[in-house]
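Peer 1: Take a look and give me a structure for this.
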Amino acid sequence: MVMINKIVETLEDAVAVINDGATVLIGGFGEAGSPIELIHALIDHGAKNLTVVSNNAGNGHVGLAALIENKQVSKMVCSFPRTAQSVVFTDMYRQGLVELELVPQGTLAERIRAGGAGIPAFYTPTSVDTPLAANKEKRVINHETFVLEYAIKGDFALVKCKAADRYGNLVYNKTARNFGPVMCMAARHAIVQAKEIVPVGTLDPECIVTPGIFVSKVVEVSNPAEESQLLKENRRYPW
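Peer 2: Numbering: from 1, shown residues only. So this is what the prediction gives:
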């Protein structure tokens with residue numbers, strides 16, 4: 001009998017499979033649920049020309065912002081490219097060093113969910129009569145205009161969770177859950193950092209949010225960095 005074990009020992013091993021030109025879905029809602037250690041490992045790994053799908057474009061000079069600043073991202077697909085503490089993306093976008101596809105937040109979540117559910121596209125009223133609907137197919141249904149949006153799938157997802165077992169079953173910490181579950185479903189390979197890896201059978205099946213079938217690798221990060229603290233300390237990655 002083959003024992004299922006998706007645990008890898010190091011962050012380096014976790015991201016080693018990510019290739020140049022990959023589409024990478026990165027969880028997080030601002031700081032909440034951001035897999036900072038996996039992102040930093042991806043910087044060290046060096047994969048380039050990445051298309052990154054995430055809710056925002058990073059803050060300060062750590063995490064996702066550091067990945068962009070290191071010129072590893074050629075395109076961002078996100079809802080909030082500019083926040084109060086974002087200093088990297090705006091400058092690089094204005095210099096033409098990174099491309100942007102701006103997607104309303106609800107549409108972004110649904111495009112990723114659709115990708116994981118095998119739904120190729122859907123109609124939504126969001127963005128009708130705005131620049132975001134330019135050159136997109138439109139359809140009138142029940143006297144209301146809708147815009148066609150296509151599903152998003154990823155080659156890889158980087159996700160943070162509260163606890164996992166060796167099967168890859170995941171539970172999350174409250175709002176840190178955000179995009180994690182749908183990104184795991186929409187990616188060919190979901191790579192997860194867990195604050196704790198627990199024995200099989202420890203997690204209540206009724207509380208498991210992401211079943212292990214959607215997860216490829218799990219690495220334990222028992223003391224994950226807090227983005228707000230790194231920003232307060234004016235930290236930069238690489239350190």
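
Peer 1: now the strands for the protein?
Peer 2: With DSSP state E as the criterion, the chain has strands at 23-26, 50-53, 73-78, 99-102, 121-124, 138-141, 144-150, 154-164, 170-171, 187-197, 217-220.

Peer 1: Other residues contacting the shortest one?
Peer 2: Residues from elsewhere that reach strand 170-171, judged by CB atoms under 8 Å, 6 or more residues apart in numbering: 159, 161-164, 180, 184, 192, 194, 203, 207-210, 212, 215. The way it works is simple: take the backbone N, C-alpha and C, and place the C-beta from them, glycine included.

Peer 1: for R235, phi and psi?
Peer 2: Dihedral pair for R235: phi -80, psi 150, per degrees, to the nearest 10.

Peer 1: give me the number of residues near the closest residue to it other than its chain neighbours?
Peer 2: Spatially, and ignoring its direct neighbours in sequence, R235 is nearest to V62 (5.7 Å; CB to CB, 6 or more residues apart in numbering). Residues near V62, counting by other CB atoms under 10 Å, number 27.

Peer 1: Could you pull up the contacting residues of V62?
Peer 2: By CB under 8 Å, 6+ apart, the residues touching V62 are 36, 40, 225, 227, 230-231, 235-237.

Peer 1: can we see that at 7 Å?
Peer 2: 36, 227, 230, 235-237 (CB atoms under 7 Å, 6 or more residues apart in numbering).

Peer 1: and it, how far is that from A186?
Peer 2: Separation of V62 from A186 (CB to CB, to the nearest Å) stands at 25 Å.

Peer 1: Please tell me the pLDDT value assigned to the residue nearest to R235.
Peer 2: On the pLDDT scale, V62 is placed at 97.

Peer 1: Report the distance from stretch 91-98 to the chain centre.
Peer 2: How far stretch 91-98 lies from its chain's middle: 21 Å, per CA atoms, centre = their mean, to the nearest Å.

Peer 1: Buried ones in that stretch, by neighbour count?
Peer 2: Using 16 or more other CB atoms under 10 Å as the burial criterion, the residues of stretch 91-98 that qualify are 92-93, 98.

Peer 1: what about the longest helix in the chain?
Peer 2: Looking across the chain with DSSP state H, the single longest helix is helix 105-117.

Peer 1: Tell me what angle that helix forms with strand 187-197.
Peer 2: Here helix 105-117 points in a direction 100 degrees away from that of strand 187-197 (axes from the mean of the first three to the mean of the last three CA atoms, to 10 degrees).

Peer 1: Report the buried residues of helix 105-117.
Peer 2: Of the residues in helix 105-117, 107-116 count as buried by neighbour count, 16+ other CB under 10 Å.

Peer 1: Pick the one among those residues closest to T126.
Peer 2: For the buried residues of helix 105-117, the closest approach to T126 (CB to CB) belongs to T107, at 5.2 Å.

Peer 1: tell me, how many neighbours does the closest residue to that closest one other than its chain neighbours end up with?
Peer 2: In space, and not counting its chain neighbours, T107 is closest to T126: 5.2 Å by CB to CB, 6+ apart. By the criterion of other CB under 10 Å, T126 has 16 neighbours.
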